[in-house]
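> Below: sequence and its predicted model.
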Amino acid sequence: MNWQPGTCEPGDMIRVRLGAVYHYGVFVSEEEVIAYGLPPVERYLHAPDRLKVQATDIDVFACGSIVEIAEPDRQERKKRLSRKKTVEAARSRIGEDQYDLLHNNCEHFAYECVFGEHRSSLEEMLRQKWRSRAEQKP
């Protein structure tokens, strides 16, 4: 998957870089971006419900950062749900509060809404590092 700045359309998987991490969501409109939790920045650290699936506007989601849009590769385009189903899936999860940094984070949420698959590049990277560490032991 490639990521590029651009004009968002309803159902797009989007992300912003906030320091050393990315925050992912599903774009519906300028007034509605659905994500698992508020952006991980200082101003929201003590907000109630900060780790629930919720809708915010694009300004809250982006926190002044550049919004990037997912450009699925050929294989991913085959799996991609329709934009309407993506938005429906994201909206149906508003209020969910089972956030887990490694196993159920904002990237898992967005990927699942767009592709119907529970997946995160962070989790995959950590699993790969763990496997290679185990293989290196004598």
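Cool, got the structure. Since this is a predicted model, take the numbers as computed values, not measurements.
> Could you report the neighbour count for Met1?
Residues near Met1, counting by other CB atoms under 10 Å, number 12. The C-beta positions use only the backbone N, C-alpha and C, and glycine is treated the same way.
> Could you do Arg80 as well?
16.
> can you check Asp73 too?
Counted with other CB under 10 Å, Asp73 comes out at 10.
> Please name the residues that touch it.
Applying CB atoms under 8 Å, 6 or more residues apart in numbering, we find Asp73 in contact with Met1, Asn2.
> Try it again at 7 Å.
Met1 (CB atoms under 7 Å, 6 or more residues apart in numbering).
> and the gap between it and Arg83?
18 Å (CB to CB, to the nearest Å).
> same thing with Asn105?
Distance, Asn105 to Arg83, using CB to CB: 23 Å.
> Pull the contacting residues for Tyr44.
Tyr44 touches Leu38, Arg50, counting by CB under 7 Å, 6+ apart.
> Just the CA atoms of the longest strand along the chain, as PDB, please.
Counting by DSSP state E, the longest strand found in the chain is strand 21-29. Extracted in PDB, the C-alpha atoms of strand 21-29 (Å, rounded to 0.1, in the frame of the first residue of the first chain):
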ATOM      1  CA  VAL A  21       3.500   7.300  15.200                       C
ATOM      2  CA  TYR A  22       0.700   7.300  12.700                       C
ATOM      3  CA  HIS A  23      -3.000   7.700  13.500                       C
ATOM      4  CA  TYR A  24      -5.400   6.000  11.100                       C
ATOM      5  CA  GLY A  25      -9.100   6.600  10.400                       C
ATOM      6  CA  VAL A  26     -11.900   6.400   7.900                       C
ATOM      7  CA  PHE A  27     -12.800   9.600   6.100                       C
ATOM      8  CA  VAL A  28     -16.500  10.300   5.700                       C
ATOM      9  CA  SER A  29     -16.500  14.000   5.200                       C
END
